[in-house]
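S.K.: Starting from these lines, generate the structure:
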Amino acid sequence: MARILIVDDELVICKSCEKVFRRGGHDVAYANSGKQALDILERETFDVVFTDLKMVDVGGLEVVQTVKQRYPETVVVVITGYATIASAVETMRSGAFDFLPKPFTASELMAVLSRALEKRRLAIIATEGGEDADTSCFEGLIGRSGRMQEVYSLIRKVAATDCTVLIIGESGTGKDLTAKAIHHQSKRKRERFFAIDISTLSSTLLESELFGHVRGSFTGANADKLGLFDAADKGSIFLDEIGNLAPETQARLLRVLQEKEFLPVGSTVVKKVDVRLIFATNKNLKELVGAGKFREDLYYRLNVFPLRLPPLRERIEDIPDLAMHFLCKYCSSVGRDLPKINPETLETLTRYHWPGNVRELEHVIERLAILVEGDRIDPVHVSAAMFRADAAMTSILPRSNDELKVLKKQIRESSIQEVEKLFVEDALRRNDWNVSRAARDVNMQRSNFQALMKKYNIIRPPHTA
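M.R.: Numbers count the residues shown, from 1 in each chain. Predicted coordinates for the structure are as follows:
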């Protein structure tokens with residue numbers, strides 16, 4: 001249980017955050033002004049402070065700076081609707097741990113809290129000179145397997161340098177978390193960390209985001225714009241899916257790596273920059289070089305320190321820790337008690353090959369947290385959740401809370417039907433498709449059992465006759 005202080009001049013924000021945190025079992029207080037927050041901090045001790053940035057009397061930056069000076073073990077997270085690059089940089093440099101723009105979800109809020117508490121725990125350990133006995137979690141990465149311990153060790157070693165890092169791994173293996181871990185373990189940890197998924201932006205927009213642009217450089221450029229290389233000076237930038245980088249942008253990026261300088265789009269004035277660059281890919285860059293799709297000189301600049309992340313199927317011993325981590329996270333976000341995961345369920349999870357890796361496991365556990373209404377998660381629930389996952393991914397997303405409620409009801413009813421069908425089929429298989437024996441085995445009347453068979457058109461397969 002953590003002690004949390006929420007500081008915001010909007011009472012509804014304070015109440016909403018308080019509700020989410022209390023569901024997670026935490027002790028919460030709130031203040032409606034920066035001045036009130038500072039008064040409370042003089043009397044009480046808190047593990048984490050969540051503060052708004054723009055307030056009338058005492059602003060969030062002053063709260064951040066005061067906590068940093070007087071209560072160094074307290075971690076501060078800024079929550080604000082005024083989410084610009086400039087304010088983010090200023091806030092992080094003042095000592096805030098993280099920056100959460102409004103509006104945010106309960107899940108996002110709890111995820112930031114989890115990282116903040118981990119940060120505080122490690123800071124206390126470092127201060128006391130103790131050893132960290134828990135090897136299952138490292139900077140948001142979960143796993144106690146030998147493969148993950150190797151990853152943690154490499155992160156610690158490379159984080160102490162300014163070396164360029166290339167994170168290599170399949171989709172869903174945690175490349176973004178690994179990049180954040182490198183930044184948080186480095187000497188730049190108090191500076192800003194920016195992440196961009198290259199595959200989501202066009203070449204023109206990406207160059208503008210990275211390097212900035214001057215007024216009139218292209219249609220719609222009505223004012224000068226600060227790029228991320230400017231904003232992240234002294235900090236770190238993470239570029240995901242680097243294999244998708246357009247050839248013309250590859251040349252501009254190579255200049256940054258070689259000369260530590262860049263030109264904003266449309267400008268003739270060279271800018272110097274001091275930034276740590278971390279890259280990630282799920283592609284074979286060497287093959288792209290051979291196919292003429294990736295510059296060879298850039299490839300060798302990126303490949304100074306390759307860090308390979310293992311797929312989940314190669315570290316199945318981490319699945320129990322991951323499953324419990326995600327279950328706690330999503331049960332807290334939906335406000336329900338934590339159900340038990342029995343050994344047979346964990347065995348079901350570890351037998352699956354997880355082509356989507358940790359991300360796929362997280363989605364399945366999130367569905368279970370929403371759909372399983374009892375106090376225990378059984379293998380049949382997992383099978384149903386995984387069976388319906390692909391269909392759910394292609395569903396039309398709701399546009400309002402009412403639509404969300406309807407969709408959740410539909411998903412729940414649909415999944416219950418899948419569970420019932422699998423339940424009947426499993427009972428029949430266990431009893432060699434003898435209906436009477438299967439009904440007795442599951443403690444149902446034969447007529448009710450047959451009704452379920454008819455409902456789902458379950459008949460004895462010909463090869464079992």
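S.K.: Look up phi and psi at Met55.
M.R.: Geometry field for Met55 lists phi and psi as phi -130, psi 160, criterion degrees, to the nearest 10.
S.K.: same thing with Glu42?
M.R.: phi -70, psi -30.
S.K.: State the number of residues packed around it.
M.R.: Other residues within reach of Glu42 by the criterion other C-beta atoms under 10 Å amount to 10. Every C-beta, even on glycine, is put in place using the N, C-alpha and C of the backbone.
S.K.: Distance check, it against Ser199.
M.R.: With the distance defined as C-beta to C-beta, to the nearest Å, Glu42 ends up 49 Å from Ser199.
S.K.: Also Gly292?
M.R.: Using C-beta to C-beta, Gly292 is found at 20 Å from Ser199.
S.K.: next one: Lys454
M.R.: As defined by C-beta to C-beta, Lys454 lies at a distance of 48 Å from Ser199.
S.K.: tell me the helices in the stretch 251-400 of the chain, going along the chain?
M.R.: Using DSSP state H, counting those that start in this stretch, the helices found in the stretch 251-400 of the chain span residues 285-290, 296-302, 319-334, 343-351, 357-371, 379-393.
S.K.: State the number of residues packed around Ala323.
M.R.: For Ala323, using other C-beta under 10 Å, the count is 23.
S.K.: which ones are touching it?
M.R.: With contacts defined as C-beta atoms under 8 Å, 6 or more residues apart in numbering, the neighbours of Ala323 are 341, 346, 349, 361, 365.
S.K.: closest to Gln69 among these?
M.R.: Ile365 (40.4 Å; C-beta to C-beta).
S.K.: Which pLDDT does the model give the closest residue to that closest one other than its chain neighbours?
M.R.: Distance criterion C-beta to C-beta, 6 or more residues apart in numbering; nearest residue to Ile365, sequence neighbours excluded, is Phe326 at 3.9 Å. Per-residue confidence (pLDDT) for Phe326: 89.
S.K.: One more: Ser87?
M.R.: Reading off the confidence values, Ser87 has pLDDT 58.
S.K.: Could you do Gly220 as well?
M.R.: Among the per-residue scores, Gly220 holds a pLDDT of 73.
S.K.: Please name the bridge partners of the nearest residue to Ala179 once chain neighbours are set aside.
M.R.: By the measure of C-beta to C-beta, 6+ apart, the closest residue to Ala179 outside its immediate chain neighbours is Phe238, 4.0 Å from it. With DSSP bridges applied, Phe238 shows beta-bridge pairing to Ala195, Ile278.
S.K.: follow-up on the earlier one: show me what contacts the residue nearest to Ile365?
M.R.: Here Phe326 is in contact with 361-362, 365-366, 369 (C-beta under 8 Å, 6+ apart).
S.K.: Could you single out the nearest of the residues you listed to Arg252?
M.R.: When the contacts of Phe326 are compared for distance to Arg252 (C-beta to C-beta), Glu362 wins out at 34.9 Å.
S.K.: burial measure for the residue lying closest to Pro320 once chain neighbours are set aside, as a count.
M.R.: Spatial nearest neighbour of Pro320, chain neighbours left out: Leu346 (5.3 Å); criterion: C-beta to C-beta, 6+ apart. The burial count assigned to Leu346 is 17, neighbours taken as other C-beta under 10 Å.
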